[in-house]
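Chemist: any chance you could fold what I've pasted below:
(2 chains)
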Amino acid sequence: MNLSERKFSRREAIGMAARVAAGVIVGGVVGGVAGYYAGATTAVPTVKTETVTETVTAAAQTVTTTVKETITKTLERTVSASVTVPPTEARISFEGVELKVLAMSDPPNIAFEKLAKEFAEAHGMKIQFEMYDWEHLKEKIMTGLPAGVEYDIVLVDEPWIGEIEKYLHNMEELMGKYGDPAILNSGDLLPTVVNALRTFEGKLIGFPMMTDVRILVYRKSYFEDPNNKRKFKEKYGYELKPPINYYEFFDVVEFMAENTDMRYGFGDLWQKDYLEMTFGDWLYSLGGRFFDEKLIPQYDTPEGIIALKLLMKSLEYGPENKLELNHELLNVAFFTEKVPMVLQWWSVTNEMLDPEINPLIDDTSFAPSFHPLECSGMMAYAIPLTSPHPAQAYKLIEWVYSQQNAARLISLGGTPIRASTFYDEEIRRRLRIPEQWDAALLTLQRGLWSRPKIKYHGIHDEIICSWVHRAMAGEVSIEEALRNASEEVRREFEKAGVYK
Amino acid sequence: MKEWYAVVLLLAPSVFLLFSVILFPLVFSYYVSLTNFPLAEFRVTEWVGLDNYISTLESPRFWHSMTFTGTFVIIAVSIEFFLGLGFALLFDREIVGGKVIRSLMLLPMLMSPLVVSMIWKYMLHVDVGIVNYILRSFNLPAPAWLSVEPYAIISVILIDVWQWTPFMFLVLTAGLVSLPREPIEAALIDGATKYQIFRYVTLPLLRPVIFVAIMLRAMDALKVFDILYITTRGGPGIATESLTYYIFNLALVRRSIGLSCAASIIAVFLVFGLFSLYLKFKPKE
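Modeler: You can find the predicted model right below:
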């Protein structure tokens, strides 16, 4: 009988629908659970056995004619150095490979993108970039890597290392497998930079793409003004200059806020999301730590309390919108002549060298941070274990960050990662404001602290940022904020099994 | 037997869809809420029973986010309703350029909340924002709208009102247009004033539409996230941290999926309970 001709009673229809639904649900649950466990298995990827196509057998080869033709004139010198293809590279097939890169949309990464595209074109590869701001990159990495998304190269920030290292290749193993010491010259890399990218166990998770550290950006004219110099010396008994320690810092910001046409003395990254770093600068400089060796939070120690008090004292000299100052708004505060000094990431200060963005370019100068210890902000290009083309990805990174490209990388907007680049006279001559580099180098030499590379960094980061911001907004006292943060992190760590 | 297969075949797609987009995520969220599920591990590491629920219910921050969300919904939806009703009544007649004005009024609603938030973020900027520029030109105080309490709360409510008043306007205009003209004409013949017609005829007739409009807007406002994410990041402190923003923080910043699922499940039940109460005690027709 045709279905359309058959009459169903309501009870019969409902019963049948219920049976169908139950069947689908049971099937779905079984499928879902199976899928979940299957997903969990793929989510913890293991090292893949890689198949490489041997295209050339000779020990050293020359670049093909096509490559020569596509190289621009400016590239001639640098590429000529890579004309000799090392034995390892000769075994790797680039033709037709498409690399997928996840990175950040800032000048050093755009510099990387430009060079990476040149390399890809010269080797007959395709390369696809996904670029986000820092916050969105973090979300992409933190969800994409555990989910097994197949990126070939990902940009990772230092504090994420503890959480995602198990999804990434050990860069030193790849160096041993595919690397060419002659191209890379890793001995010239700044040891501070390389070590910042290691896990506690010593695994190198990525290749450094940027040596970032915060430096002081200030209005030169305010420090050179004879009237200001005289008044400052009369009041404080020493010469007016960019501060190099906390005593000088508070004198200078007080002076600027009270004795000049600036209503405020200083700006820092005071938005909630940045406070692990901003508070950490004060804490670590005062000898404090976020955790002891057993990972018990140490926020509410005497050092922590003094650190937050000093942070809040510096906040008194900040502009009205101080609690929302992120990178972008901090630059706006400087450009709109609200504050004579800001503490900004070196990589972000490149924007301040652009006359179209910074109307005060002729009056902008740089000095080392006044914190005895500054937060290390190294970022690295890493290769996920799920990458379908780890060899090609490694060779690309190696070439971009080879010594031969160091100068080009800088001229395109990158920051130096090599000791020799800092002192290269030719590069320094080409820079408009070399004191920006000197400020960074001096800050690097004075010392850095690293954000804890722990598996549950997110818990600590979210809780400490939230409580410190609450104290800064006046919602809770300093002691209460730090005590609550300590208790909450400890409780969460306990639940997560950190202390087992 | 053959008919049975046909029924299965016809029902399966919709049942499957319902299961995969609603039931399975809900059941799976409930399961995850009873476990530790760190995002970095991407798997259940431990069965913790009701621990995540106890932690959430004991957390003052959870209750603060509930309070903020409730305050936000009540104030924002009320303002949107009264403004929407006012505009709907204003344009419920023939006026020159009425159609053009009506179309223009709908523009904010058609924009992405992210774009709206970005625009307002700069309009409310303490130094370069147009709002403070105007205030300063009248020698009025120009506060930091997005980083000082209570201005931050006021600002996010105003942004929501700016974007969603057109929705109320649209729904209530549709309601007004569909009202029968006879009772109003009868009241006019009986000598009722305009206020009396509105109070005793229009408003009672419009009540079902008002109820639906408020319900839809309130359900949407409960999910407020975009505005807060772009403008205040839940700050200063946690002053503008809504329930969804709190859950987002737990899930993607703290990366504790188990805890965020527990907070979500509690929130679902609380919201469901509140709406049930609203439906039970809503004014009778």
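
Chemist: where does chain A have its least confident helix or strand?
Modeler: In chain A, the helix or strand scored least confidently by mean pLDDT, DSSP states H and E is helix A:65-70, which has a mean of 29.

Chemist: is the closest residue to chain A within the stretch 1-150 of chain B in a helix, a strand, or coil?
Modeler: Going by C-beta to the nearest C-beta, chain A is nearest to residue B:42 of the stretch 1-150 of chain B, at 3.5 Å. No exception for glycine: its C-beta is placed from N, CA and C like everyone else's. Using DSSP: H, G, I helix; E, B strand; the rest coil, the structure places residue B:42 in coil.

Chemist: for it, which non-adjacent residue is closest in space?
Modeler: residue A:146 (3.5 Å; C-beta to C-beta, 6 or more residues apart in numbering or on different chains).

Chemist: go ahead and confirm the one you found touches residue A:166.
Modeler: No: here residue A:146 does not reach residue A:166: they are 9.3 Å apart, not a contact under C-beta atoms under 8 Å.

Chemist: tell me the residues of the stretch 401-500 of chain A that contact chain B?
Modeler: A:455-456, A:458-459, A:461-463, A:466, A:469-470, A:472-476, A:491-492, A:495-497 (C-beta under 8 Å from any C-beta of the partner chain).

Chemist: related to what we said a few turns ago, what's the local residue count around the residue of the stretch 1-150 of chain B closest to chain A?
Modeler: Summarising burial for residue B:42: neighbours were counted as other C-beta atoms under 10 Å in any protein chain shown, giving 19.

Chemist: so it makes contact with residue A:147?
Modeler: Yes: between residue B:42 and residue A:147 there is a contact at 6.5 Å, judged by C-beta under 8 Å.

Chemist: in the stretch 51-200 of chain A, what residue comes closest to chain B?
Modeler: residue A:146 (3.5 Å).

Chemist: enumerate every residue touching that residue.
Modeler: With contacts defined as C-beta atoms under 8 Å, 6 or more residues apart in numbering or on different chains, the neighbours of residue A:146 are A:43, A:164, A:167, B:39-42.

Chemist: you'd agree it is in a strand?
Modeler: No: if the criterion is three-state DSSP, then residue A:146 is helix and not within a strand.

Chemist: how many residues are close by residue B:191?
Modeler: For residue B:191, the neighbour count with other C-beta under 10 Å is 7.

Chemist: what separation do you get for it and residue A:418?
Modeler: Separation of residue B:191 from residue A:418 (C-beta to C-beta, to the nearest Å): 92 Å.

Chemist: okay, now the unreliable bits of the stretch 301-450 of chain A?
Modeler: Counting by pLDDT under 70, the stretch 301-450 of chain A has low-confidence residues at A:430-433.

Chemist: how about residue 167: what's its closest non-neighbour residue?
Modeler: I'll assume chain A. The shortest distance from residue A:167 to any non-neighbouring residue, by C-beta to C-beta, 6+ apart, is to residue A:145 (4.2 Å).

Chemist: the intended chain is chain B.
Modeler: Leaving out its chain neighbours, the residue that sits closest to residue B:167 by C-beta to C-beta, 6+ apart is residue B:109, at 5.4 Å.

Chemist: and what of residue A:221?
Modeler: Using C-beta to C-beta, 6+ apart, the closest residue to residue A:221 is residue A:363 (5.0 Å).
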